[in-house]
Structure formats: C-alpha cells, structure tokens
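Asks: Here is a sequence with its predicted model. Questions after.
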Amino acid sequence: MAIWRTEDCLIWREAVGAFGFHLAVLDLRQNSEVHERALDELFRDAGVVSSYARMAENKRVALLLKELATPRLLRSPYRHYTEETQRELDIVDKAAFLKQRFGDGCIANYVISKTQSTSDLLETALLMKEAGLLAPGKKPGASLRIVPLFETIDDLRASAEVMGDYFDLPAVRAMLDGQGGARK
C-alpha cells in the first residue's frame, strides 16, 4: 500500500488544476429497465401519458422524439419521486456538474445495459436532456455518447435492426452531428 505525503497530494492537486483531469475518464452505466421505470414515472407525474411502460415501441419512439425536440423538462421541483427515479435524476445532474467543473473529458459515455430497442437509446437521451447534458432543438448537442450493450443472444440478433432504426431517425443524426457538448 502506498502512503501519500501531504506534499505529494498538493503536487497532484496543482497538476490537475493546471492541466486538467484528462487521464481518468468515467462512463455512466445503467440498465435500460431502470430508465424505463424512471421515465414512466416522469411522464405520469408530468401529465404526459398515464403509462409509458405499457406503450408500444413505435408510440414510445414518437413520444420520446417529441420530448427531445422541446426545451420543456418533465421533472418538477415540486414533485417527490420514488427513490429509484430520484437516484437516476441525481446521477445525470452529478454528471452535468462534473463535466462543468472538470471539463467535457471527465465523462465520455453513457452505457446502456440490456439494450433491446430504439426507445432504450432515446430514453437515455431524454434523461440526459433533463440535466442539460443534451440540448434540444434543430441542432441538438449531446455531451455524452450513448453506448448500447446488447447482452442476450436475441438482443444481439436484433442489434443491427435496432441500431439501423436508431441511426435512421433524423433527430438522432442531428444529435450525433452535434456530439461533443450541450449548449447552455
């Protein structure tokens, strides 16, 4: 076990202050089912739809694209969310804070476990929007790359179609063109 002296810590702190925190890039990672539950609650509490979780995939995609195009947020400071939903909001808020504090290079990717559909990817984008990690509009800016993980054999077999559908969306192409930073 290494023992750090106070002067070593001061040197590291000065180096990070001068040169940035570039060598320790973090990724966010979450299960797609957690995002679905969080958005189900956010949509219900915002009065958008009563049950996002029960919607067909094409209707989910349409709703998510509509929400990604508007600057309006789903969450309200006057609502109390379940522990799971609040934790997801806190995570994206903390990521936005860290990127602002330490620079865009500190967090690069938002990895989605158990990706099965286009909506899984768009749900992630919408949660990013809630924290300012994705700026909506005709030229949206995303400050994190959304990275799907297709983990089952069936999901792997469907992955080409899912990603083709995702990349064919004009809003996604615009978001990818604006990759690298949400506008403030």
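Replies: Thanks, I have it. Just so it is clear, the model here is predicted, and its values are computed rather than measured.
Asks: okay, CA-based contacts and neighbour counts for the rest of this
Replies: Will do.
Asks: and Ser51, what does it touch?
Replies: Ser51 makes contact with Asp40, Phe43, Arg44, according to Cα atoms under 8 Å, 6 or more residues apart in numbering.
Asks: Return the subset of the residues you listed lying in helices.
Replies: Asp40, Phe43, Arg44 (DSSP state H).
Asks: Drop anything exposed from the contacts of Ser51.
Replies: Among the contacts of Ser51, the ones that count as buried by 16 or more other Cα atoms under 10 Å are Asp40, Phe43.
Asks: Quick one: the contacts of Ser51 as JSON lines, columns for distance to Arg72 and pLDDT too.
Replies: Shown next, in JSON lines, are those (distance: Cα to Cα, whole Å; pLDDT from 0 to 100):
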{"residue": "Asp40", "distance to Arg72": "17", "pLDDT": "98"}
{"residue": "Phe43", "distance to Arg72": "12", "pLDDT": "98"}
{"residue": "Arg44", "distance to Arg72": "15", "pLDDT": "97"}
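Asks: can you put the contacts of Ser51 in TSV and add distance to Arg87?
Replies: As requested, these are arranged in TSV below (distance: Cα to Cα, whole Å):
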residue	distance to Arg87
Asp40	15
Phe43	16
Arg44	17
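Asks: Looking at the contacts of Ser51, spot the one nearest Leu73.
Replies: Relative to Leu73, the closest of the contacts of Ser51 is Phe43; by Cα to Cα it sits at 10.3 Å.
Asks: What helix or strand is Gln30 located in?
Replies: If you go by DSSP states H and E, Gln30 is part of strand 26-31.
Asks: Partner strands of that strand and their direction?
Replies: Partners of strand 26-31 in the sheet, by DSSP bridges, are strand 107-113 (parallel).
Asks: elements contacting the helix or strand just after the partner strand?
Replies: The helix or strand immediately downstream of strand 107-113 is helix 118-130, counting by DSSP H and E. Applying 3 or more Cα pairs under 8 Å, 6 or more residues apart in numbering; DSSP states H and E, one finds that helix 118-130 contacts helix 32-45, helix 57-68, helix 83-102, strand 107-113, strand 134-135, strand 145-148, helix 153-168.
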